[in-house]
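Participant: What follows is a predicted protein model with its sequence.
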Amino acid sequence: EDKVVQSPLSLVVHEGDTVTLNCSYEVTNFRSLLWYKQEKKAPTFLFMLTSSGIEKKSGRLSSILDKKELFSILNITATQTGDSAVYLCATTPSNYKLTFGKGTLLTVNP
Amino acid sequence: AAGVIQSPRHLIKEKRETATLKCYPIPRHDTVYWYQQGPGQDPQFLISFYEKMQSDKGSIPDRFSAQQFSDYHSELNMSSLELGDSALYFCASRSQTASSYEQYFGPGTRLTVT
């Protein structure tokens, strides 16, 4: 059975801090790993990673995949209160359905 | 840009009633996925459709059925509702033809069974 494990489950930081969220996976026929941000609504797509070692970047967010060690990290620099959300990691095997981790609840305090 | 549309956004039903949730994918997306997210839980895959055919099945109860129509919209039919069916139901769409792995989620339908 496919497994996605995220850590930490919860994180509280102050504005301006840098955070690193972790996602490890065990997936048959791995195709890609996706990161989503979920506030009180639908998950919003952040990144899709398919190749090892290539960093994807969008503003203060960046992510990288290590297919040898089977993990990915999501970095957020200079955090803001608006970054407070649950960050979900998901993998797609060959049949493309997403298997999600439990998520990391990030709280950024002013 | 057009997004995934789901209706209704909120639904309150009583036990043993039926419910129908609708999903309209992003234009030119041919694949639809349904997920169920319970309170404080991660989304769980229920079922998916590609070109109007069921492509994969997850943890969908036998009381639920779904289909995709010729205009690519999808409906999730839920019968004999139970209290445990109360959850947020998301639909996501993707373009398999474009070989894209990215799935985009709709706003969800919050189902409350009383």
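Facilitator: All right, it came through fine.
Participant: residues in contact with the lowest-mean-pLDDT helix or strand in chain B?
Facilitator: Least confident helix or strand, chain B: strand B:53-57 with a mean of 88, by mean pLDDT, DSSP states H and E. Identification of contacts with strand B:53-57 by CB atoms under 8 Å, 6 or more residues apart in numbering or on different chains yields A:95-97, B:31, B:45-49, B:66, B:68. C-beta here means a position set from N, CA and C on the backbone, and glycine is covered the same way.
Participant: For it, which residues meet the burial criterion?
Facilitator: Buried residues in strand B:53-57, defined by neighbour count with 16 or more other CB atoms under 10 Å in any protein chain shown: residue B:55.
Participant: Partner strands of that strand, with direction?
Facilitator: strand B:44-50 (antiparallel) (DSSP bridges).
Participant: Would you pull up how far the strand it pairs with lies from the middle of the chain?
Facilitator: 7 Å (CA atoms, centre = their mean, to the nearest Å).
Participant: tell me the mean pLDDT over that strand?
Facilitator: Summarised as a single mean, pLDDT over strand B:44-50 is 91.
Participant: Alpha carbons of that strand, as CSV, please.
Facilitator: Taking Å, rounded to 0.1, in the frame of the first residue of the first chain, the C-alpha atoms of strand B:44-50 are listed here in CSV:
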residue,chain,number,x,y,z
GLN,B,44,-9.0,10.1,0.8
PHE,B,45,-9.4,9.0,-2.8
LEU,B,46,-12.9,7.7,-3.7
ILE,B,47,-13.1,7.2,-7.4
SER,B,48,-11.9,8.6,-10.8
PHE,B,49,-13.1,8.9,-14.3
TYR,B,50,-11.4,9.3,-17.6
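Participant: any idea which helix or strand comes after the least confident helix or strand of chain B?
Facilitator: strand B:64-68 (DSSP states H and E).
Participant: Contact distance from chain A - what residues of chain B qualify?
Facilitator: B:31, B:33, B:35, B:41-45, B:48, B:55-56, B:58, B:90, B:92, B:94, B:96, B:101-108 (CB under 8 Å from any CB of the partner chain).
Participant: List buried residues within those.
Facilitator: B:31, B:33, B:35, B:42-45, B:48, B:55, B:58, B:90, B:92, B:94, B:101, B:103-108.
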